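Student: Okay, sequence plus prediction incoming.
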Amino acid sequence: MDNAATALTFRAATDTDVDALVALIESAYRGDASRAGWTTEADILDGQRTDPEGVLQVIKSPDSRLLTVERDGRIVACCQLEHRGAHAYFGMFAVSPALQGAGLGKVVIAEAERQAREDWGATEMHMTVISVRDDLIAWYERRGYRRTGEMSPFPYGEERFGVPLRDDLQFELLVKPLV
């Protein structure tokens, strides 16, 4: 196994993880700290990416889990998995900026896909990505996801999800077969 997978522990998040998970997600997407990694949204969105209530809601939902990834007792990555019938939804994906680019994200998404397939019998994984994030969409395409062209609106005016720095943001649905 490659170095990215060395000594990783995967588990479902609990209430006691909320603060660490919010800090991880914020560090991967917002502010100057996020610029250490390549997944930053700091040039298109300001404000927060999530909050404790949003993270706790995913943890408590009976149809979802917040997959938490630890290395040496420290949370280094996470992702949301939600069971939606024949497919699973993948979201809230974050890898510590200091560890991005080393293959950890590939390991995490592969484990998320395995769990969705084996635990829920999901035949597809769905996700939405801000359509102007060409580098991120290309990364997902290299992992077998395809662009659908199906768009949904960005929640302008709902600062809980961030403060847009441009007026052309929308989400595109990406899909991958899991069979």
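Tutor: In hand now; what should we look at?
Student: Packing partners of the lengthiest helix in the chain?
Tutor: Longest helix in the chain, counting residues (DSSP state H): helix 104-120. Packed against helix 104-120 by the contact rule (3 or more CB pairs under 8 Å, 6 or more residues apart in numbering; DSSP states H and E) you find strand 8-12, strand 64-71, strand 74-84, strand 87-95, strand 124-130. For the C-beta atoms, the positions are set from N, CA and C on the backbone; glycine is no exception.
Student: Of these, which stretch is the most buried?
Tutor: strand 87-95 (a mean of 23; mean count of other CB atoms under 10 Å).
Student: Just give me how far it sits from the chain centre.
Tutor: The chain centroid and the centroid of strand 87-95 are separated by 4 Å under CA atoms, centre = their mean, to the nearest Å.
Student: Run the angle between that strand and strand 124-130 for me.
Tutor: 50 degrees (axes from the mean of the first three to the mean of the last three CA atoms, to 10 degrees).
Student: Given strand 87-95, what are its sheet partners and their directions?
Tutor: Partner strands and pairing direction for strand 87-95 (DSSP bridges) are strand 74-84 (antiparallel), strand 124-130 (parallel).
Student: Please name the residues that touch the most centrally placed residue in the chain.
Tutor: With distances taken as CA atoms, centre = their mean, Phe93 lies nearest the centre of the chain, 1.4 Å away. Contacts for Phe93 (CB atoms under 8 Å, 6 or more residues apart in numbering) come out as 77-80, 105, 108-109, 127.
Student: Let me know the closest of those to Asp15.
Tutor: Minimum distance to Asp15 across the contacts of Phe93 is 14.5 Å, recorded for Cys78 (CB to CB).
Student: isn't the closest one right next to Ile59, touching?
Tutor: No: with contact defined as CB atoms under 8 Å, Cys78 and Ile59 do not form a contacting pair (10.5 Å).
Student: Turn the strands paired with strand 87-95 into JSON lines, including distance to Leu178 and mean pLDDT.
Tutor: Putting these into JSON lines (distance: least, CB to CB, whole Å; pLDDT from 0 to 100) gives the following:
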{"stretch": "strand 74-84", "distance to Leu178": "12", "mean pLDDT": "96"}
{"stretch": "strand 124-130", "distance to Leu178": "6", "mean pLDDT": "95"}
